[in-house]
Structure formats: structure tokens, C-alpha cells
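K.L.:
Build me a model from this:
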Amino acid sequence: MAAQNSERGAVLLTTILVMAVMATLAVAIFDDLRYAVRRANNIQTAAQMELYADGAEDFAVQYLSTAMLSVSPAQMNGQLAAPEPIVFPIENGVMTLSVRDGTQCLSLSQLNVGNGRRNFRQLLEVLGVAPAQATQLVSAASDWQDADTAPLPGGAEDGHYLSLDPPYRSANTPISAVMELRAIRGFDAETVLALRPYICARPNPAKSTLNVNTLSPAQAPLLAAYLGGADWLSAAQDLILNRPAGGYADLNVLREQPALQGQDLRDADIDALIFAPNYIWVEAQIRQGDYMRLRSFEFDISRGAPERIARRRGAEGLRPIAVVEPQDQP
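P.N.:
Residues are numbered from 1 along each chain as shown. Below is the predicted model:
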């Protein structure tokens, strides 16, 4: 009887052990299935959001062709001076597009073209960077992009970057993204943060232009940089605040403004000031449930039709909007 009971106990123990192993396997299988379903849903959602992003770009092209390029420059300026977001409901989410004047920035890729270095240095000075430091930053950013290996005064070439840990080389190509500045000698996080609302990086090194008819008061530092630097900030603010209702018609009208009367404009990059945009900047935010996609596009409209020249992904590709800082309370 004892032997029979022992055999029964062994069978029961074996059965329990087999059932425990099977339960563990079942849990593992169901866990894998759960994650597989989640991965499949994530892939499907990501693919759907990519399609929405493609649709945002297609809509932007159609919108610019019909609602922007079909109106007068004054009407276009009016729309861009006070832009309203375009909102589309989508399944379990929303897609929001903002359309802005793309000229409202100084392109880093044109530092070695025309007055690019001078304008960038003057922008840095308007933002409070000391003149000597501003000169060094401009030289470093110019050296980063030019093809030679001879540093400008205060600049940096491969000799500096190869001495760092880890070492790297200068790009020797136009800056492709604003955050690339962080790799360049002298540009710390605080400086780049202050610059971001006023700079951009276009894929071509063409000279930057600035549409004075859509600037907000917070963008006066950018206009001052083209006019001559920190001493011109007050005049730039006056030109923006006292802009005619229909905008400035041309350079002659701009020169006649009281803020510019008696001023020496020989060193101003006055020819870079334009009165209707030649670039349009579009940002798309797509939200679906807990997921979000950010896209940004730049279009060249100077030839009468929107031509996409840049497409960027993620938050680093966005252009922050300059705002007027609140005054300190006494």
C-alpha cells in the first residue's frame, strides 16, 4: 500500500510539474502575442501618420497655389502677418498646419555669401553678445562651412575639432540644420536658444532676404541686423510699429520713413529687404491618440509656383516664433 501511494504521489507531482510548465509556456506565448499585436498596431499607426504627413505636404502645395499665389502681394502679406492655423479632424485625432512667411530668418548657409557674415555678427550683437565674441562665433560658423583648412581670425578648422574628445572634423559644407551649431566652437546651448527664433538653415547658400511687411515687433532684432546692428534696434521697432496698413510698397517708401531720415544707410544691407515673401514656411502637427508626428516644409515661391526646397522631421526642424519678453515689474 505504501508503494502504491508513493507511485500515486509521484504521478501527481509529475502532473503538477507538467501543468506548471505548460502554464508558464502559455503565459509566455500570450505575452508574445500581446506584444506582437501592439507592435503591429504601432506599425500600422506609424504608417498611417506618415500618410497624413504626406497629405499635409500635398495640401500645403495646393493651398499655396490657390490661396496664396492667386492673390496680390498685399493680400498675401496680410494673411502671413496674422496667420491662422489650419485644422483638420482625423480619425481619433487632429492635424494642424501653420503657414508663415519663410523669409523671417537669417540663413546660416549664406554666411560666406555677400553680407552674410556681417549680418550674422550684427544679429548676435543685437541679442547681447559682446562684439569680440560675436566676431569669433561668426568666424567659427564660416570656417565650419567653407572648403579650405585655413581658419579665419578667431575661427576654427579641423585642427581644433580633432583635438576634442571625441575628435571630429568640420563639415566643409553648408549648415543643414540650426542645431548643427552645437558642434561648432563657441556655440553653447544658451546662445543657440537665443538665436533660434531668428535663424534657419536652407539647403542652398543663396543670399537671405527679409520681408519687412510681415515682421512682428518681436522680430525687430532681425531687421536691426540687416540695417546695421544694435544701434538700429529702435529704428527697426519704429519701422515695424508704424508700418502702413497696406505695408511698404517699395524701398523708396521705406527710405522716406521718419525712422530712417538722416540715417547713413551705406553699410545697411538695404537690398536684402523685400516687400513680399519669396519663401513660405509650413509646419504640420499630426496627433492621433497618444501618437504625434511633426513635419516642416519650406517652399520657394519666387517663380510663381511652390517649389519645396526643404523637408524636416521632428521638433528640432521647427522654427520657434520670436515673442516680446514681458517687462520686469518694479
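K.L.:
ok, longest helix in this structure?
P.N.:
helix 2-63 (DSSP state H).
K.L.:
Give me the mean pLDDT for it.
P.N.:
Mean pLDDT, helix 2-63: 77.
K.L.:
Give me the residues contacting the very next helix or strand once past that helix.
P.N.:
Using DSSP states H and E, the helix or strand that follows helix 2-63 in sequence is helix 73-81. Contacts to helix 73-81, defined as CB atoms under 8 Å, 6 or more residues apart in numbering, come from residues 67-69, 71, 99-101, 211, 213-214, 216, 246-247, 275-277, 280. All C-beta atoms are positioned from the backbone trio N, CA, C, and that covers glycine.
K.L.:
roughly how far is helix 73-81 from the heart of the chain?
P.N.:
Here helix 73-81 is found 22 Å from its chain centre; the criterion is CA atoms, centre = their mean, to the nearest Å.
K.L.:
Can you list the buried residues in that helix?
P.N.:
Pro73, Met76, Asn77, Gly78, Leu80, Ala81 (16 or more other CB atoms under 10 Å).
K.L.:
Same question for stretch 247-255.
P.N.:
Applying 16+ other CB under 10 Å to stretch 247-255 flags Gly247, Tyr248, Leu254 as buried.
K.L.:
Equivalent analysis for stretch 277-293, please.
P.N.:
By neighbour count on 16+ other CB under 10 Å, the buried set for stretch 277-293 is 277-288, 293.
K.L.:
Flag the least confident of the residues you listed.
P.N.:
The lowest pLDDT within the buried residues of stretch 277-293 belongs to Gln288, with 86.
K.L.:
Without its sequence neighbours, what residue ends up closest to that one?
P.N.:
Spatial nearest neighbour of Gln288, chain neighbours left out: Gly93 (3.5 Å); criterion: CB to CB, 6 or more residues apart in numbering.
K.L.:
how much space between the one you found and Ile286?
P.N.:
Distance, Gly93 to Ile286, by CB to CB, to the nearest Å: 7 Å.
K.L.:
now swap in Asn204 and tell me
P.N.:
According to CB to CB, Asn204 stands 28 Å off from Ile286.
K.L.:
what's the answer for Arg243, then?
P.N.:
Going from Arg243 to Ile286 by CB to CB gives 35 Å.
K.L.:
Glu50 too?
P.N.:
According to CB to CB, Glu50 stands 9 Å off from Ile286.
K.L.:
Met292 too?
P.N.:
Met292 sits 7 Å away from Ile286, going by CB to CB.
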